[in-house]
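>>> any chance you could fold what I've pasted below:
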Amino acid sequence: MKYAKSVALAAAMVWLVGCASESKVVVTEPLGPAPAGSAQGKGDGSLAIYSAQAPADVGLNEQEWRWNNDFGKNAFLWQAARSDYTIYAQNGEVFQHVRNTRSQDDSTPTLVTLPAGSYQVEAVAINCDGDRVQALMSVVVKPGETTTAHLTGGWRPVGEYNATEFARLPCGRAIGWRASETGLAAAQPSPQSN
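Below you'll find the predicted structure:
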């Protein structure tokens, strides 16, 4: 009995360290809006990130029990809500931290309005092997258009497209449309506080 608390505490610490040290991946292709005609919109664009589910708010004992039963793959450890993410300006400064949900039961990502330009986004993704990873990606926001990243798998665009039109995680899974940063790389929106 005197070792039970020590063992439980050690197991909880191992789990917490595992969560805190998600591996990091870099998406090499910039993401942009879906291919469309040559019509250019005006004003700001928008960004929607389908990031991995956020951890559920469960007690430490319940969390440990569920983790031990299936090594962290238990759906009950995660709520429907998307995990938050950070947008960086091209100079590396934090542009905006995004709370990516309306409620813990809503899986719809927050639609963020941004000035046209090129940004870096760091968000939690699900790798091809099902592990959670911190993904760093470049996104291009065009006036009047929405750039979307699907970081949890299952994205299938309608129609026939060339494989080079997709941005991919390093493991090879398509996460959105590939964009050219030509003409937008110089756009440096001013950081804002949120």
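>>> where does this structure have its least confident helix or strand?
Sorting the helices and strands of the chain by mean pLDDT, DSSP states H and E puts helix 4-20 at the bottom, at a mean of 41.
>>> report pLDDT for residue 60.
Among the per-residue scores, residue 60 shows a pLDDT of 62.
>>> and for the one 3 residues further on?
Predicted confidence (pLDDT) for residue 63: 58.
>>> I'd like the next helix or strand past the least confident helix or strand of the chain.
Later in the chain than helix 4-20, the nearest helix or strand by DSSP states H and E is strand 23-26.
>>> buried ones in that following strand?
Using 16 or more other C-beta atoms under 10 Å as the test for burial, strand 23-26 gives residue 25. For every residue, glycine as well, the C-beta is placed using N, CA and C.
>>> could you give the average pLDDT over that strand?
94.
>>> how many residues are close by residue 22?
Residue 22: 16 surrounding residues under other C-beta atoms under 10 Å.
>>> I misspoke; the intended subject was residue 49.
Neighbours of residue 49 (other C-beta under 10 Å): 30.
>>> report the contact partners of it.
Going by C-beta atoms under 8 Å, 6 or more residues apart in numbering, residue 49 touches 82, 85, 98, 100, 109, 121, 123, 148-149, 151.
>>> now do the same for it: helix, strand or coil?
Using DSSP: H, G, I helix; E, B strand; the rest coil, the structure places residue 49 in strand.
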